[in-house]
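Novice: 3D, please:
(one chain, ligands or ions: 1)
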Amino acid sequence: MNEFAFLIHPLTLEDVARKFGFARYLPPPFISRVLTKLPPLLVSEIRGVESAYGNTKGSFVAVMLTARQMVELPLSFVLNRIIEAGKKAEKLGARILGLGAFTSVVGDAGITIAQNLNLAVTTGNSLTAATAIAGTRQAAQALGIELKKAQVAIIGATGSIGTAVSHILANDVHHLALVARNEARLEAAAQRIRSEYGETVSVDCLTNVSKAVRQADIILATSSAAEVLIQPEHLKPGAIVCDIARPRDTSKRVAREREDVLVFDGGILEVPGKVDFGLNYGFPPRMTYACMAETMILALERRFENFSLGREYQPEKIMEIYQLALKHGFRVAALRFDERIIEPEQYQSIRDKMHKQEFP
Ligand SMILES: NC(=O)c1ccc[n+]([C@@H]2O[C@H](COP(=O)([O-])OP(=O)(O)OC[C@H]3O[C@@H](n4cnc5c(N)ncnc54)[C@H](OP(=O)(O)O)[C@@H]3O)[C@@H](O)[C@H]2O)c1
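Specialist: Numbering: from 1, shown residues only. Sure, this is the predicted structure:
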C-alpha cells in the first residue's frame, strides 16, 4: 500500500511537449485549454525509500496545469484541481500528501487544501528552507565568503520559503535585502526581523530585483515568478546564487556566460536506499527535491499529520525535520545547476576570477 503521494505538475508548456510529443505540433493556446480539462494523473510509483529505521513507498500524482496557469487561472478553480488530485492520492491509499512546486504556492500555501482532504498535507517548505541554507553555507565556504561580511538578498522574501531563510540568515549576516513586489508586505517582513534581531542586522526592502542582485554577494532566489528574474548582466563577480525557485529565477544563460559566479539549485537531497521514482525528472539517481524528501521522511516516521502549511516562520519545524532528515540518512546533494554537478575545481576558478576582478 502506498503511504505517501507527491503532487507534481508541468512547469511550462515545453514540459508538456516533452511528455506528450504530439503537443509540439499543436498551438500553445489550444494545449493550455486542453490542460484545463484533464483530470489528475497517476504518473508513477515511488519504490525503495529505505533508511536504517524503516521504509516507505508512494506515488507521483500530476495536476495537469502549468506554473503560469496556476497563478493566472481563478484561484478556486486551481485549488479544486489540486484537491481533486489529493482525493486521487487518498484513493491510492496515501496517508500523507506533499505539495510540489506551485501546488504549494497558490492561495494560502496548503491550508485550504488540507482542510478539504482526509489525509495529512505538507508543503515540504521546512526542509526546503533548511536544505537551501545548508547549500548556501557550503557555497560561501567554497568561495571563501564570510556570511557576516556579505550583502545577502532574498528574492521572494515575503513568501513561505523566503520568510524562513530570511529569519535563519538574520542570525548570521549583517546586511539583508528583502525583495518582492508588494511593498507593504515587504515592510512588515522587515519590521519583524528588525524587532526580533535588533541592530545586529540592517534590513533593506527592494522591489527592483535587478538592483538588489547587482548589490548582493549572496542571493537566495525563492520567488514564485513564472518568468526568469536574474540575468547574467545583473550579477557581481564572485556572487553566489542559491536558486530554490521552480521554475528557476535564474536565466540558464548565467551558467554559459558567467564563469565568475556560483549558481546552484537549492533544496536538493540524496534519498537513502535504492529509490526508484519510476520517472525521469532530470536528476541523477537518488536525488530529489527537499519538499518531496520532507513527505518521505514524515511517512518513514509514521507522522501522518499536517506539517508545513501556511507562510508563518516555524523554526521548531525546520529544526525538527532537518534532524529527522539526518537521522534517516538524507544528505544535502553536491551543488549542481541545470542538471550538471558543479565540480570542486570550478570553485577555485571562480575564486581566481573574482579576485582578479576585485584587485585588477
Ligand atoms: N527546491 C524545492 O525543493 C522547492 C520546494 C518548494 C517550493 N519551491 C519553489 O520555491 C518558490 C517559492 O515557494 P513559496 O512556497 O515560498 O512561495 P510563496 O509563499 O508564494 O512566495 C513567493 C514569493 O515570491 C514573490 N514574488 C512573486 N513574483 C515575484 C516577482 N515577479 N518578483 C519578485 N518577487 C516575486 C512573492 O511576493 P510578491 O507577490 O509581493 O512579489 C513572495 O514573496 C516557488 O518557485 C516554488 O516552486 C522549491
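
Novice: Confirm Arg194 sits in a strand?
Specialist: No - assignment of Arg194 by DSSP: H, G, I helix; E, B strand; the rest coil gives helix, placing it outside any strand.

Novice: So it is in contact with Cys205, correct?
Specialist: No - in this structure, Arg194 is not within contact of Cys205 by C-beta atoms under 8 Å, at 10.8 Å. To be clear about C-beta, it is placed using only N, CA and C from the backbone, and glycine gets the same treatment.

Novice: higher neighbour count, those two?
Specialist: Using other C-beta atoms under 10 Å as the criterion, Arg194 and Cys205 rank with Cys205 on top: 21 against 15.

Novice: State the helix or strand in which that one lies.
Specialist: Using DSSP states H and E, Cys205 sits within strand 202-206.

Novice: Remind me what that strand packs against, helices and strands.
Specialist: Contacts defined by 3 or more C-beta pairs under 8 Å, 6 or more residues apart in numbering; DSSP states H and E place strand 202-206 against strand 175-179, helix 183-197.

Novice: List the residues that contact the residue nearest the centre of the chain.
Specialist: The centre of the chain sits closest to Ile244, judged by C-alpha atoms, centre = their mean, with a distance of 4.0 Å. By C-beta atoms under 8 Å, 6 or more residues apart in numbering, the contact list for Ile244 reads 128, 132, 161, 220-222, 265-267.

Novice: And what about Phe6, helix, strand or coil?
Specialist: Of the three states, Phe6 takes strand under three-state DSSP.

Novice: Which strand residues bridge it?
Specialist: Beta bridges link Phe6 to Phe60, Gly98, judged by DSSP bridges.

Novice: Surely it is in contact with Glu294?
Specialist: No - using C-beta under 8 Å, Phe6 makes no contact with Glu294, being 9.9 Å away.

Novice: hey, what's in contact with both of the two?
Specialist: Gly98.

Novice: What segments of the stretch 151-300 of the chain are strands?
Specialist: 151-155, 175-179, 202-206, 218-221, 240-243, 262-265, 268-270, 287-289 (DSSP state E, counting those that start in this stretch).

Novice: which residues touch Pro28?
Specialist: Leu13.

Novice: ok, now the one 4 residues further on?
Specialist: When the contact criterion is C-beta under 8 Å, 6+ apart, the partners of Ser32 are 13, 66, 69.

Novice: What about these, which are in helices?
Specialist: 13, 69 (DSSP state H).

Novice: Put the buried members of the contacts of Ser32 into a ChimeraX selection.
Specialist: Here is the ChimeraX command that selects the buried residues among those (16 or more other C-beta atoms under 10 Å):
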select :13,66,69
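
Novice: Export the contacts of Ser32 to JSON lines and append columns for distance to the ligand.
Specialist: What follows is those, written out as JSON lines (distance: C-beta to the nearest ligand atom, whole Å):
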{"residue": "Leu13", "distance to the ligand": "17"}
{"residue": "Thr66", "distance to the ligand": "12"}
{"residue": "Gln69", "distance to the ligand": "14"}
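
Novice: residues touching the residue of the chain found nearest the ligand, list them.
Specialist: Residue nearest to the ligand within the chain: Gly159 (1.9 Å; C-beta to the nearest ligand atom). For Gly159, the contacting residues are 105, 180, 222-224, 311, by C-beta under 8 Å, 6+ apart.

Novice: rewinding a little: export the strands of the stretch 151-300 of the chain to TSV and append columns for mean pLDDT.
Specialist: Output for these, formatted as TSV (pLDDT from 0 to 100):
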stretch	mean pLDDT
strand 151-155	98
strand 175-179	97
strand 202-206	97
strand 218-221	98
strand 240-243	96
strand 262-265	94
strand 268-270	95
strand 287-289	94
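
Novice: Which pair in the contacts of Ile244 has the greatest spatial separation?
Specialist: Ile161 and Asp265 (13.5 Å; C-beta to C-beta).

Novice: burial count for Gly48?
Specialist: 15.

Novice: Quick check, pLDDT for it.
Specialist: pLDDT for Gly48: 96.

Novice: That one belongs to a strand?
Specialist: Yes - checked against three-state DSSP, Gly48 lies within a strand.

Novice: Test my guess that it contacts Asp276.
Specialist: Yes - if you go by C-beta under 8 Å, Gly48 and Asp276 touch, sitting 5.1 Å apart.

Novice: Domain map for this structure?
Specialist: Domain assignment of the chain by automatic domain parsing yields the ranges 4-126+269-332, 129-267+336-358.

Novice: mind checking the SS state of Met64?
Specialist: With three-state DSSP as the basis, Met64 sits in coil.

Novice: which parts of the biggest helix by length in the chain are buried?
Specialist: Selection of the longest helix in the chain by residue count, based on DSSP H, yields helix 125-143. For helix 125-143, a neighbour-count test (16+ other C-beta under 10 Å) marks 125-136, 139-140, 142-143 as buried.

Novice: Could you export it as CSV, CA atoms only?
Specialist: Provided in CSV are the C-alpha atoms of helix 125-143 (Å, rounded to 0.1, in the frame of the first residue of the first chain):
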residue,chain,number,x,y,z
ASN,A,125,8.9,24.1,2.8
SER,A,126,10.5,23.5,6.2
LEU,A,127,13.1,21.0,4.8
THR,A,128,13.4,23.1,1.6
ALA,A,129,14.5,26.2,3.7
ALA,A,130,16.9,24.1,5.9
THR,A,131,18.5,22.5,2.8
ALA,A,132,18.8,25.8,1.0
ILE,A,133,20.6,27.3,4.0
ALA,A,134,23.0,24.3,4.2
GLY,A,135,23.8,24.6,0.5
THR,A,136,24.4,28.4,0.8
ARG,A,137,26.8,27.9,3.7
GLN,A,138,28.6,25.2,1.7
ALA,A,139,28.9,27.6,-1.3
ALA,A,140,30.0,30.5,0.8
GLN,A,141,32.7,28.4,2.4
ALA,A,142,33.9,27.1,-1.0
LEU,A,143,34.3,30.7,-2.3
